[in-house]
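Peer 1: only geometry, no sequence info:
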């Protein structure tokens, strides 16, 4: 029933396979073992675990900047919406690349970890199972329950059967099954949360811009700020007990989560101004 609830929430066709897993990260680590590949392309700059896991399996991993470049490889990986800049690749373009890879026995891996708050129209799931793709969905991001360890793979039934067999019996805990099903069936809560996040994301953009930051992108769950001296601001925010996300290869970027309570907003605003004054 959990997988049925997920399929309904994600807009999957009845003929599409879906398998629950103990978090998306576990699926990311299993994929290179189930579909060994020599040449893997990752549409970058993005979440680094995809590259790490394919390299650990012996693949030659290339970071590409154009979606079309994935068509000449064995496996393509796209994070959609992208982490950290929120870039969205339209599902029809993804399906086209997936079809090319499928004809050669490859797969397109589409990591939709942040798709719950981005809208079904941007998801590849409704296009499956025709496309040769495996779509990963994360439960914890939108529902704020990362510790529950729950995620899903959506793909052709035979691909899902392969994943299910690899993970073995009982990969998902009883509490995760019960809580996940209840949450996924509550469409009203998700719609209200998206509406609230629209307002709060816009508010955070204004706050960051008033503090001299540029907005380089993001989703409804996080915003990507850009400013010279971001490393110094990161350290000062940490000293104030506020953690944002720096990027080693993008020293001008910081990723901010969305504050919720009035106290969180006050703390962030005060810390931003103190931090920037010290830069």
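Peer 2: Alright, I've got the coordinates. Since this is a predicted model, take the numbers as computed values, not measurements.

Peer 1: make it CA atoms for all contacts and neighbour counts henceforth
Peer 2: Noted.

Peer 1: all helices of the chain, in order?
Peer 2: Shown for the chain, the helices assigned by DSSP state H span residues 2-10, 24-34, 49-56, 91-103, 140-143, 157-167, 174-184, 187-210, 230-239, 262-277.

Peer 1: Tell me which of those helices approaches residue 43 most closely.
Peer 2: Residue 43 sits nearest to helix 49-56 of all these, at 10.2 Å, using Cα to Cα.

Peer 1: Specify the angle between that closest one and helix 24-34 in degrees.
Peer 2: 30 degrees (axes from the mean of the first three to the mean of the last three Cα atoms, to 10 degrees).

Peer 1: who's in contact with helix 49-56?
Peer 2: 28, 29, 32, 40, 42, 60, 61, 77 (Cα atoms under 8 Å, 6 or more residues apart in numbering).

Peer 1: would you list the helices of the chain in CSV and tack on mean neighbour count, distance to residue 110 and mean pLDDT?
Peer 2: Shown next, in CSV, are those (neighbours: other Cα atoms under 10 Å; distance: least, Cα to Cα, whole Å; pLDDT from 0 to 100):
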stretch, mean neighbour count, distance to residue 110, mean pLDDT
helix 2-10, 19, 14, 98
helix 24-34, 17, 11, 96
helix 49-56, 18, 11, 97
helix 91-103, 18, 8, 96
helix 140-143, 18, 16, 94
helix 157-167, 15, 14, 96
helix 174-184, 16, 20, 98
helix 187-210, 15, 22, 97
helix 230-239, 19, 30, 93
helix 262-277, 15, 33, 88
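
Peer 1: Make a markdown table out of these and add distance to residue 246.
Peer 2: Below are these laid out as a markdown table (distance: least, Cα to Cα, whole Å):
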| stretch | distance to residue 246 |
| --- | --- |
| helix 2-10 | 31 |
| helix 24-34 | 20 |
| helix 49-56 | 16 |
| helix 91-103 | 29 |
| helix 140-143 | 19 |
| helix 157-167 | 33 |
| helix 174-184 | 31 |
| helix 187-210 | 15 |
| helix 230-239 | 7 |
| helix 262-277 | 15 |
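
Peer 1: mind checking which of those is nearest residue 125?
Peer 2: helix 2-10 (6.7 Å).

Peer 1: For residue 114, which of the helices of the chain is the nearest?
Peer 2: Among the helices of the chain, the nearest to residue 114 by Cα to Cα is helix 140-143 (6.5 Å).

Peer 1: Hmm, residue 75 is touching residue 104, no?
Peer 2: No. Residue 75 lies out of contact with residue 104 (Cα atoms under 8 Å); the separation is 10.0 Å.

Peer 1: Between these two, tell me which one has more neighbours.
Peer 2: When residue 75 and residue 104 are compared for neighbours, residue 75 comes out ahead with 29 against 13, by other Cα atoms under 10 Å.

Peer 1: can you pull the contacts of that one?
Peer 2: 37, 39, 40, 41, 101, 106, 107, 108, 109.

Peer 1: can you pull the contacts of the closest residue to it other than its chain neighbours?
Peer 2: Residue nearest to residue 75 in three dimensions, not counting chain neighbours: residue 40, with 4.8 Å by Cα to Cα, 6 or more residues apart in numbering. Counting by Cα under 8 Å, 6+ apart, residue 40 makes contact with 54, 59, 60, 61, 62, 73, 74, 75, 76, 77.

Peer 1: what residues are up against residue 29?
Peer 2: Shown in contact with residue 29 (Cα under 8 Å, 6+ apart): residue 53.

Peer 1: picking that back up, just put the contacts of residue 75 in CSV and tack on distance to residue 238.
Peer 2: Putting these into CSV (distance: Cα to Cα, whole Å) gives the following:
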residue, distance to residue 238
37, 41
39, 39
40, 36
41, 35
101, 44
106, 43
107, 41
108, 38
109, 35
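
Peer 1: Any idea how far apart the tips of stretch 219-231 sit?
Peer 2: Start-to-end span of stretch 219-231 (Cα to Cα, to the nearest Å) is 22 Å.

Peer 1: Residue 83 - nearest residue in space that isn't next to it in sequence?
Peer 2: In this structure, residue 83 finds its nearest non-sequential neighbour in residue 46, 5.4 Å apart by Cα to Cα, 6+ apart.
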